[in-house]
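Chemist: Got a predicted structure here, sequence first:
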Amino acid sequence: MTEPIIEAEHLGIQFVRNRRRQLRLRDLLIRRKAGAGTGRFWPLRDVSFQVAPGDTVGVIGRNGTGKSTLLRLIAGVLIPDEGRIRVRADVAPLLELSAGFSNDLTGRENLYLVGGLHGLSTGYLRRHFDEIVSFAGEQVERAIDTAVRHYSSGMKVRLGFAIISHLPHPILLMDEVTAVGDAEFRQRCYATIDRLLGEGRTLVLVSHNEKDLTRFCRRGLYLDGGRLTVDGTVAEALAAYHDAVPR
């Protein structure tokens, strides 16, 4: 039997309402009692599931039910307060696509910086540089030696997607990526995702776009109030979502 590539066991994380969660060393060493203080809540709790290599999973639920938090736990951006998450392969996080960019550096410099942060060698980036920049589009190509502070948000997203989509990592994490950019860029995203899935990559997708979910995903996880209440087909997870939405 194939070992799961992602495995969550009784996963939970606690936030402080209206404050950004700071993952400092003292937070890892000093564990406060669950629920201590005021304004604390659990965006996810007691979540357990497994994802097999090559599986395509859509995470579905209303706003504020912990979908994006789950992706960040899988990516290792957040650390759980309860349970554990095991990820047995490298992750390509198509989450905040302009994350890691330095506004003081040019697009060219940021390409090497962000690619390096995700484990790509300078040689690999040099060989694929033209391909990455071409994918990002003509605007980015013309401004590749301009400081990123002068880029529009759309240009940053294009360059970020172009870099991350070239990662050879087996696991793709996507958070509403195809909701950004113009129609032409979205079609490039779709074609790239189709190609990556055709290579056998594993996908975990958060989206409110049902066409995207049914196009890319065979399986659906439905989150309600931070709990995993449906783990089945995408159709079953979407049916639970529609039943929960007030009419």
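Modeler: In hand now; what should we look at?
Chemist: So in the protein, where's the weakest helix or strand by average pLDDT?
Modeler: None of the helices or strands of the chain scores lower by mean pLDDT, DSSP states H and E than helix 25-29, at a mean of 49.
Chemist: Whichever helix or strand comes after that helix: how far from the chain's middle?
Modeler: Once the chain leaves helix 25-29, the next helix or strand it forms, by DSSP states H and E, is strand 40-51. Its chain's average C-alpha position is 16 Å from that of strand 40-51, according to Cα atoms, centre = their mean, to the nearest Å.
Chemist: which stretches of this protein have low pLDDT?
Modeler: 1, 18-38, 98-99, 178-181, 246-247 (pLDDT under 70).
Chemist: quick one, helices of it?
Modeler: 25-29, 67-75, 107-117, 122-136, 138-142, 153-164, 183-198, 210-216, 234-244 (DSSP state H).
Chemist: Same list (those helices) but as TSV, adding mean neighbour count and distance to Ala8.
Modeler: Heads up, the C-betas are built off the backbone N, CA and C, glycines and all. Listed next are the helices of the chain as TSV, based on neighbours: other Cβ atoms under 10 Å; distance: least, Cβ to Cβ, whole Å:
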stretch	mean neighbour count	distance to Ala8
helix 25-29	9	19
helix 67-75	22	8
helix 107-117	19	25
helix 122-136	15	31
helix 138-142	14	36
helix 153-164	22	23
helix 183-198	14	22
helix 210-216	17	20
helix 234-244	17	16
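Chemist: Reformat those helices into TSV and put distance to Gly225 next to each item.
Modeler: Shown next, in TSV, are the helices of the chain (distance: least, Cβ to Cβ, whole Å):
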stretch	distance to Gly225
helix 25-29	24
helix 67-75	12
helix 107-117	35
helix 122-136	39
helix 138-142	41
helix 153-164	31
helix 183-198	30
helix 210-216	20
helix 234-244	10
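Chemist: These: which one's closest to Tyr222?
Modeler: Closest of the helices of the chain to Tyr222 is helix 234-244, at 4.1 Å (criterion: Cβ to Cβ).
Chemist: wait, which of the helices of the chain is closest to Leu95?
Modeler: helix 67-75 (6.2 Å).
Chemist: elements contacting the closest one?
Modeler: The contact analysis (3 or more Cβ pairs under 8 Å, 6 or more residues apart in numbering; DSSP states H and E) places helix 67-75 against strand 6-16, strand 40-51, strand 56-60, strand 82-87, strand 91-94, strand 171-175, strand 202-206.
Chemist: ok, now with 10 Å
Modeler: Applying 3 or more Cβ pairs under 10 Å, 6 or more residues apart in numbering; DSSP states H and E, one finds that helix 67-75 makes contact with strand 6-16, strand 40-51, strand 56-60, strand 82-87, strand 91-94, strand 171-175, strand 202-206, strand 219-224.
Chemist: Adding mean neighbour count as columns, could you present these in TSV?
Modeler: What follows is those, written out as TSV (neighbours: other Cβ atoms under 10 Å):
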stretch	mean neighbour count
strand 6-16	19
strand 40-51	18
strand 56-60	25
strand 82-87	16
strand 91-94	23
strand 171-175	23
strand 202-206	24
strand 219-224	23
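Chemist: Would you format those as JSON lines with distance to Glu138 included?
Modeler: Shown next, in JSON lines, are the helices and strands packed on helix 67-75 (distance: least, Cβ to Cβ, whole Å):
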{"stretch": "strand 6-16", "distance to Glu138": "37"}
{"stretch": "strand 40-51", "distance to Glu138": "37"}
{"stretch": "strand 56-60", "distance to Glu138": "32"}
{"stretch": "strand 82-87", "distance to Glu138": "36"}
{"stretch": "strand 91-94", "distance to Glu138": "22"}
{"stretch": "strand 171-175", "distance to Glu138": "25"}
{"stretch": "strand 202-206", "distance to Glu138": "28"}
{"stretch": "strand 219-224", "distance to Glu138": "37"}
